[in-house]
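Participant: I'll drop the sequence and a predicted model, then ask my questions.
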Amino acid sequence: MTASKLGWSDVTPKSLFLNRRTLIAGAGAMLAAGPALARIDAAPSVFSTDETPNTFEEITTYNNFYEFGTGKEDPARNAGALTTDPWSIVIDGLVDRPGTYDLADVMKDQPLEERIYRFRCVEAWSMVIPWIGFELAGLLNRVGVQPSAKYVAFETLVRPEEMPGQRQPILEWPYREGLRLDEAMNPLTILATGLYGEEMPKQNGAPIRLVVPWKYGFKSIKSVVRISLVADQPQTTWNMLQPSEYGFFSNVNPQVDHPRWSQASERRIGAGLFAGRQDTLMFNGYEEQVASLYAGMDLVANY
Ligand SMILES: Nc1nc2c(c(=O)[nH]1)N[C@H]1C(S)=C(S)[C@@H](COP(=O)(O)O)O[C@H]1N2
Ligand SMILES: [Mo]
């Protein structure tokens, strides 16, 4: 087995793995858990890193999800109230088959894979997360992207009754994100429906969220309810709030600092008090897969 083909079970302490396996193997658990777990036996992806994943605890207690508050511990505390079933996604704009798709229909025929990705927040901390998901390209191909579509726009649920952060004007709701069509079609770009072989925890963006591993974490929009194929670059939440600090592209780039801090290095969550910061990698280490998307582009101007 080559390093790039390791799955989280290969790098997770055995007892933890066995516990989860036992859980998952429980006949009832499998059925009750629904489509997110249906095919977790899928082979680990060649896109997975062999770096040690963060623990389930770390991944689910240190979060950014402003709909549930701005503190890192607020999402774990408040997201339990979110109703994630039923869930549907509106797919509209420049597509052949627009409509309101139930989550099960969105996932229909999309092969689930484990993807162990580095995850780099613009705030200069990072984690390694074993996502379960499928390529966004698979869904876009299924709904039929029209030639005039150049970008994909995403929106998060607005439900202030269940999302206390939305009762305050912290951000302009709904949270919005966007990708250029070629970025959206890149095989690294996934819609994730779980992590560590379990259904997506609510604080991580249940039941379905975007993951774009070569971009700063805020591009990976959570709890998605709308995907629109559009001709023009869409409005995105952090760019709307502070355009001089957060660009549309927001590719991880150690050479382009945030106006208020360096992006040259990062703090790996869970590394311990005495571990030093580590160097941030160009495109978060996915240069080989995505550099060609930006050939000839000025990455300082297009931050
Ligand atoms: N809807 C929504 N999506 C969001 C956010 C948010 O506040 N609301 N925060 C973003 C930011 S800044 C980061 S770093 C990641 C955090 O994902 P995680 O909590 O699963 O690690 O979610 C991103 N997606
Ligand atoms: Mo972030």
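Facilitator: Arrived safely. Ligands and ions are numbered 1, 2, ... in the order given.
Participant: Can you name the residues of the chain that neighbour ligand 1?
Facilitator: With CB under 6 Å from any ligand atom as the criterion, the chain comes near ligand 1 at residues 63-67, 121, 156, 175, 204-205, 217-218, 220-223. Backbone N, C-alpha and C define where each C-beta goes, glycine included.
Participant: one more time with 5 Å, if that's ok
Facilitator: Where the chain comes near ligand 1, counting by CB under 5 Å from any ligand atom, the residues are 63-66, 121, 156, 175, 204, 217-218, 220-222.
Participant: For the residue nearest to Trp261 when sequence neighbours are not counted, list the residues it contacts.
Facilitator: Using CB to CB, 6 or more residues apart in numbering and skipping the chain neighbours, the partner closest in space to Trp261 is Ala124 (6.2 Å). Ala124 is in contact with 258, 261-263, 265-267, 280, counting by CB atoms under 8 Å, 6 or more residues apart in numbering.
Participant: Show me just the buried residues among the residues you listed.
Facilitator: Those of these that meet the buried threshold are 263, 266, 280, by 16 or more other CB atoms under 10 Å.
Participant: Tell me the secondary structure at the nearest residue to the last one once chain neighbours are set aside.
Facilitator: Okay, so that is Thr280. Once flanking residues are discounted, Thr280 sits nearest to Pro254: 4.1 Å by CB to CB, 6+ apart. Of the three states, Pro254 takes coil according to DSSP: H, G, I helix; E, B strand; the rest coil.
Participant: my guess is Pro254 contacts Met282, does it?
Facilitator: Yes - counting by CB atoms under 8 Å, Pro254 does reach Met282; the two are 6.4 Å apart.
Participant: tell me which residues in the host helix or strand of Val152 are buried?
Facilitator: Using DSSP states H and E, Val152 maps to strand 151-156. Residues 151-156 are the ones in strand 151-156 that count as buried (16+ other CB under 10 Å).
Participant: closest point of the stretch 151-300 of the chain to ligand 2, which residue?
Facilitator: For the stretch 151-300 of the chain, the residue closest to ligand 2 is Gly217, as judged by CB to the ion, at 3.6 Å.
Participant: one step back: pipe the buried ones among the contacts of Ala124 into JSON lines and attach secondary structure and pLDDT per row.
Facilitator: Listed next are the buried ones among the contacts of Ala124 as JSON lines, based on DSSP: H, G, I helix; E, B strand; the rest coil; pLDDT from 0 to 100:
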{"residue": "Gln263", "secondary structure": "coil", "pLDDT": "98"}
{"residue": "Glu266", "secondary structure": "strand", "pLDDT": "98"}
{"residue": "Thr280", "secondary structure": "coil", "pLDDT": "98"}
